[in-house]
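>>> Starting from these lines, generate the structure:
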Amino acid sequence: TTDALNAVDTVRLNFNGTFRTASVNGVRYNVTFGPLAAGTYRYNWTANDSLGNVNTTATFDYVVNQATPVINVSLIPSSIVTYGTAVNISCNQTYGDSGAALQLFNNGTFINSGISFISNLTSDAAGSYNYTCLYAATQNFTTTSQEAILAVGKAPSVLILTFNGTQGDRTIRVNASLNITANLTNGTGQIELFKNGTLINNGTSPLGNITLFNETGLYNITARYNATQNFTGSIVTYFVTVTFDDDVAPPAITLIFPPNGTNATTTAYNFTWRTTDNIALNTSCSLMIDSVVNASNVQALNDTPINV
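All right, here's what the predicted structure looks like:
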């Protein structure tokens, strides 16, 4: 601001209807104030000299733009979990108006709201979920959102199959019965029981079936649990061997290598033998050298060479 003949006496700023007297530094005048809320403000300058002459500038716009807030979404313990795991979804703002409202959505559906911080505990079914936190616009900050994807995987089902309360293959006499039971210890829904591929029962756990075996042979008994939304499927199979007689004969053992009476020429030998049983599908043997156990409970298929 300059005056060709007389000294400038006073300079004032009219900022949105409020007058402020400017300070001078040489020939420059300034006014410092704020901070200002976002918006559009009208202002002009007025100066008068020592003789009372007054001049006013044109009126201008002063624009303060909205800032962008900063928000964070977190999934604890993880963004990838197994069904049945509780997850805490939280949203908080690290930059923005302290009284700003936050809203939390799950796949577009509103679930919670709060001021500056939201927390929501959930146990979702298996699937993928989009959790979105929305910061609603205020005078000084724009609308913004942040999302996080939660992936919930199926939990492993656990299916147990027993014959008369015991797991594993069985050998029985003809015309004997077995209590076949399937128990689903982790999972929900229907179980199926099969005998040689034919459905013999289905229903919820525990599922039992008293089955008569009136013909000799080898029977495949299978329990099946089909996968559901939240649990993986399971299949358990055991075999029932049905014979005319009780298994009273011991298995036969044949030494294949080294031949009986072999003179040892080395300190290390591999022994090979075969066990044969009239009923059992599997055998268990121990190798003894000079009455000392060298290998115990060696498992082998019936009538199949085993090497130790």
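
>>> Keeping just the C-alphas, turn the least confident helix or strand in the chain by mean pLDDT into CSV.
Least confident helix or strand, the chain: strand 282-289 with a mean of 82, by mean pLDDT, DSSP states H and E. Extracted in CSV, the C-alpha atoms of strand 282-289 (Å, rounded to 0.1, in the frame of the first residue of the first chain):
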residue,chain,number,x,y,z
ASN,A,282,-1.5,-107.8,8.7
THR,A,283,1.1,-109.4,10.9
SER,A,284,3.5,-108.1,13.5
CYS,A,285,6.9,-109.8,14.1
SER,A,286,10.1,-109.3,16.2
LEU,A,287,13.6,-110.3,15.1
MET,A,288,15.7,-111.9,17.9
ILE,A,289,19.4,-112.8,17.6
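
>>> Check this structure and tell me which residue is nearest its centre.
The chain has Val81 as the residue nearest its centroid, 1.2 Å off, counting by CA atoms, centre = their mean.

>>> what's the spacing between it and Ser123?
9 Å (CB to CB, to the nearest Å). (Each C-beta comes from the backbone N, C-alpha and C, glycine too.)

>>> joint contacts of these two?
Contact with both Val81 and Ser123 is made by residues Val87, according to CB atoms under 8 Å, 6 or more residues apart in numbering.

>>> tell me which element Val24 falls in.
Per DSSP states H and E: Val24 is located in strand 23-25.

>>> The residue nearest to the centre of the chain against Ile149, yeah?
No. Val81 is beyond contact range of Ile149, at 11.9 Å (criterion: CB atoms under 8 Å).

>>> still on that earlier bit, quick check: neighbours of the least confident helix or strand of the chain in the sheet, parallel or antiparallel?
strand 292-301 (antiparallel) (DSSP bridges).

>>> Flag every buried residue along the strand it pairs with.
298, 300 (16 or more other CB atoms under 10 Å).

>>> Skip ahead from that strand and say which helix or strand is next.
Taking DSSP H and E, what comes next after strand 292-301 is strand 306-307.

>>> and that next one, how far from the chain's centre?
In terms of CA atoms, centre = their mean, to the nearest Å, the centre of strand 306-307 is set 45 Å apart from its chain centre.

>>> Give the other helices and strands that it contacts.
strand 272-276 (3 or more CB pairs under 8 Å, 6 or more residues apart in numbering; DSSP states H and E).

>>> what about the strand it packs on, distance to the chain center?
49 Å.

>>> Over to stretch 68-88?
For stretch 68-88, the distance to the chain centre is 10 Å (CA atoms, centre = their mean).

>>> quick one: contacts of that stretch?
With contacts defined as CB under 8 Å, 6+ apart, stretch 68-88 is touched by 89-97, 100, 102, 119-126, 131-133, 135, 141-142, 144-155, 230-231.

>>> tell me which residues in it are buried?
69, 71, 73, 75, 79, 81, 83, 87.

>>> Now it - C-alpha only, PDB.
The C-alpha coordinates for stretch 68-88 follow below in PDB (Å, rounded to 0.1, in the frame of the first residue of the first chain):
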ATOM      1  CA  THR A  68      -8.500 -36.000   3.600                       C
ATOM      2  CA  PRO A  69      -8.900 -37.900   6.900                       C
ATOM      3  CA  VAL A  70      -6.800 -41.100   7.700                       C
ATOM      4  CA  ILE A  71      -8.600 -44.200   9.100                       C
ATOM      5  CA  ASN A  72      -7.300 -47.700   9.700                       C
ATOM      6  CA  VAL A  73      -9.200 -51.100   9.700                       C
ATOM      7  CA  SER A  74      -7.600 -54.000  11.600                       C
ATOM      8  CA  LEU A  75      -8.600 -57.700  11.800                       C
ATOM      9  CA  ILE A  76      -7.300 -59.500  14.900                       C
ATOM     10  CA  PRO A  77      -6.000 -62.200  15.200                       C
ATOM     11  CA  SER A  78      -5.700 -62.400  11.400                       C
ATOM     12  CA  SER A  79      -7.400 -61.700   8.100                       C
ATOM     13  CA  ILE A  80      -7.300 -65.500   7.300                       C
ATOM     14  CA  VAL A  81      -8.900 -67.700   9.900                       C
ATOM     15  CA  THR A  82     -10.600 -71.100  10.300                       C
ATOM     16  CA  TYR A  83     -14.300 -71.300  11.000                       C
ATOM     17  CA  GLY A  84     -15.000 -71.000  14.700                       C
ATOM     18  CA  THR A  85     -12.300 -68.400  15.300                       C
ATOM     19  CA  ALA A  86     -13.600 -65.200  16.800                       C
ATOM     20  CA  VAL A  87     -12.200 -62.100  14.900                       C
ATOM     21  CA  ASN A  88     -12.200 -58.500  16.300                       C
END
